[in-house]
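S.K.: One predicted model, sequence on top.
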Amino acid sequence: MTPNIIGSTFILAETTIADGNNNKMAAKPSATATAAPSAASSTTPTQKASKKLETVAESKQPAAKPYKMEIVWLNVGLFIILHSMALYGLYLIFAENAYLELLPVYVTMFIGGLGITAGVHRLWSHKAYKAKLPLRIFLMLCQSLAFQNSIWEWTRDHRVHHKFTDTHADPHNSRRGFFFAHMGWLMCKKHPDVTSKGKQISMEDIEQDPVVMFQKKYYFVVMPICCFVLPMIFPYYVMGSSLRVCFFTCSMLRFCLSLHFTWLVNSAAHFYGMKPYDVNVSAMNNKLVSTLTIGEGWHNYHHVFPWDYKAAELGTYSFNWSTAFIDLMAKIGQAYDLKFVSQEMVYKRVLRTGDGSHVAALLDANNNNAMPTSELVAHLDHDLEEHAIWGWDDKDISEEDRKGANVVNKESECKQD
């Protein structure tokens, strides 16, 4: 008891001296204040001492340092090596007439792309549909072929991107410029908000999938085999190409191109295009990006309805081969619970927040209140969301979205694993 009193006395003395040196002592009470003391003036000495102690403790806490970007030079060096190898692979195509090797390059890029679009993006990140075990294993191997971090890490970062788009918590915040959104975010340390906000994202559903956890555990065994060894070995034995061409072209050039195509969704699709569904978000619809990413370029739609398995409103499979793949899997019983937005819900959102480029808005502008038909939608040339959600299982999803969603191949109609 005595040491505490003595310690408090010294602290109060130091505080008084500091206040005197900094001219921060309280002014003398006025006559009015003296005549009518406030409730605070009746504070007991113990309470005053407690408040002084709290003030001293707060003053001793270090002030938060302003954020300063730190470049990860190891990653910069690795990207330089990767692009050098890719350029050499491009050179070998012409130098050794290795034009046939472009076929396995395209095929492996397409398969790896499915692992990203139909796999880690629409299936695992957004829970837009469900898949049985054989399809999940296939998509896991395809995603390993693409080599864009494990499914677990990719999903976490992407959910954070949707929940906190264009804030410091967004891993590839487009407000920091095109290059940063494209690939610069991989060359520097993450902003502290990315880490802190990332801890708020639920990953329980992902961690319950044994396929995901297997890949996470053995990622640096599965990934090199899928990404570098198999794409090189196949043309070497089947097509008789030189091992040098197979490695630098079919492995390194293909890998580098696939990375840039995916990165365009984070960069170009946030800078160039139209906003038929919501003008308040940075994401835009970009046909070129959708072509290069087999369906991921209808980004304005996707940020408004991230739980739609089509990631677009298109009436055909044009520029969206990922949807065609998922529909094929549904027909053979491997994909089920395919969720998509009703036409009425799309129409209401277009009129409320769109930029007027959607055919439904054009019809309404001409005093035609009829709902847009599928034929009209098929010809569509495609700072804050009302409900910033990462996907179907997000607790913040609106009740309107849940009730207005259409579901194809319901789980109750399919046999489980």
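M.R.: That came through fine. Numbering: from 1, shown residues only.
S.K.: which helices and strands sit right next to the one helix or strand Y237 maps to?
M.R.: Mapping Y237 onto the secondary structure by DSSP states H and E places it in helix 230-238. Under the contact criterion of 3 or more CB pairs under 8 Å, 6 or more residues apart in numbering; DSSP states H and E, helix 230-238 touches helix 102-114. To be clear about C-beta, it is placed using only N, CA and C from the backbone, and glycine gets the same treatment.
S.K.: close enough to count as contact, Y347 and A360?
M.R.: Yes - if you go by CB atoms under 8 Å, Y347 and A360 touch, sitting 4.9 Å apart.
S.K.: The helix holding Y237: how far from the chain's middle?
M.R.: The chain centroid and the centroid of helix 230-238 are separated by 33 Å under CA atoms, centre = their mean, to the nearest Å.
S.K.: quick one on the thing from earlier: neighbour count winner among Y347 and A360?
M.R.: Higher neighbour count among Y347 and A360: A360, with 26 against 22, using other CB atoms under 10 Å.
S.K.: circling back: tell me which strands and helices the following helix or strand past the helix holding Y237 is in contact with?
M.R.: Next along the chain after helix 230-238, taking DSSP H and E as the criterion, comes helix 243-245. Identification of packing neighbours for helix 243-245 by 3+ CB pairs under 8 Å, 6+ apart yields helix 73-95.
S.K.: What lies in contact with the helix it packs on?
M.R.: Residues from elsewhere that reach helix 73-95 (CB atoms under 8 Å, 6 or more residues apart in numbering): 98-99, 101-102, 183, 186-187, 244-245, 247-249, 252-253, 255-257.
S.K.: and the angle from the helix holding Y237 to helix 102-114?
M.R.: Taking axes from the mean of the first three to the mean of the last three CA atoms, to 10 degrees, one finds helix 230-238 and helix 102-114 inclined to each other by 150 degrees.
S.K.: Now name the helix or strand holding the residue nearest in space to the middle of the chain.
M.R.: Of all residues in the chain, the one closest to the mean position by CA atoms, centre = their mean is H158, 2.2 Å from it. Here H158 sits within helix 151-163, counting by DSSP H and E.
S.K.: following that helix, which helix or strand comes up?
M.R.: That would be, after helix 151-163 and using DSSP H and E, helix 178-182.
S.K.: name the helices or strands packed onto that next one?
M.R.: Looks like helix 178-182 contacts helix 254-266 (3+ CB pairs under 8 Å, 6+ apart).
S.K.: Tell me which residues of the helix it packs on come out buried.
M.R.: The neighbour-count check on helix 254-266 (16 or more other CB atoms under 10 Å) flags 254-259, 261-266 as buried.
S.K.: Looks to me like F340 is in a helix.
M.R.: No - using DSSP: H, G, I helix; E, B strand; the rest coil, the assignment for F340 is strand, not a helix.
S.K.: circling back to that earlier point, Serialize the buried residues of helix 254-266 to TSV and add fields for distance to H126.
M.R.: Shown next, in TSV, are those (distance: CB to CB, whole Å):
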residue	distance to H126
R254	26
F255	25
C256	27
L257	25
S258	21
L259	21
F261	19
T262	16
W263	19
L264	19
V265	14
N266	16
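S.K.: out of those residues, which one sits closest to I225?
M.R.: F255 (13.6 Å; CB to CB).
S.K.: low-scoring stretches of the chain, by residue?
M.R.: 1-64, 364-387, 389-417 (pLDDT under 70).
S.K.: could you pull out the strands for this protein?
M.R.: Per DSSP state E, the chain carries strands over the ranges 130-131, 335-336, 338-341, 405-408.
S.K.: correct me, but K130 touches A335?
M.R.: Yes - between K130 and A335 there is a contact under CB under 8 Å: 7.1 Å.
S.K.: between these two, which one's more packed in?
M.R.: When K130 and A335 are compared for neighbours, A335 comes out ahead with 24 against 21, by other CB under 10 Å.
S.K.: Leaving out the residues flanking it, which one is nearest to the residue nearest to the centre of the chain?
M.R.: Counting by CB to CB, 6 or more residues apart in numbering, H158 lies nearest to S125, which is 4.5 Å off, once chain neighbours are set aside.
S.K.: same thing with R349?
M.R.: Per CB to CB, 6+ apart, closest to R349 is Y277, 5.7 Å.
S.K.: Can you give me the neighbour number for that neighbour?
M.R.: 28.
S.K.: give the contact list for it.
M.R.: 300-301, 304-305, 346, 349-350, 353-354, 358.
S.K.: Kindly recompute the last result at 7 Å.
M.R.: 300-301, 304, 349-350, 353-354 (CB atoms under 7 Å, 6 or more residues apart in numbering).
S.K.: same thing with W185?
M.R.: Applying CB under 7 Å, 6+ apart, we find W185 in contact with 171-172.
S.K.: Show me the domain layout of the protein.
M.R.: Taking automatic domain parsing as the reference, the chain has its domains at 1-23+43-57, 73-413.
S.K.: Make a markdown table from these and add distance to K65 to it.
M.R.: Output for those, formatted as a markdown table (distance: least, CB to CB, whole Å):
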| stretch | distance to K65 |
| --- | --- |
| domain 1-23+43-57 | 20 |
| domain 73-413 | 10 |
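S.K.: Can you tell me which of those is most buried?
M.R.: domain 73-413 (a mean of 19; mean count of other CB atoms under 10 Å).
S.K.: gap between that domain and the chain center?
M.R.: Chain-centre distance of domain 73-413: 9 Å, with CA atoms, centre = their mean.
S.K.: Give the full set of residues in contact with the nearest residue to N286 once chain neighbours are set aside.
M.R.: Distance criterion CB to CB, 6+ apart; nearest residue to N286, sequence neighbours excluded, is G273 at 3.9 Å. If a contact means CB under 7 Å, 6+ apart, then G273 has 284-286 as its contacts.
S.K.: Having no further points to raise, I will conclude here.
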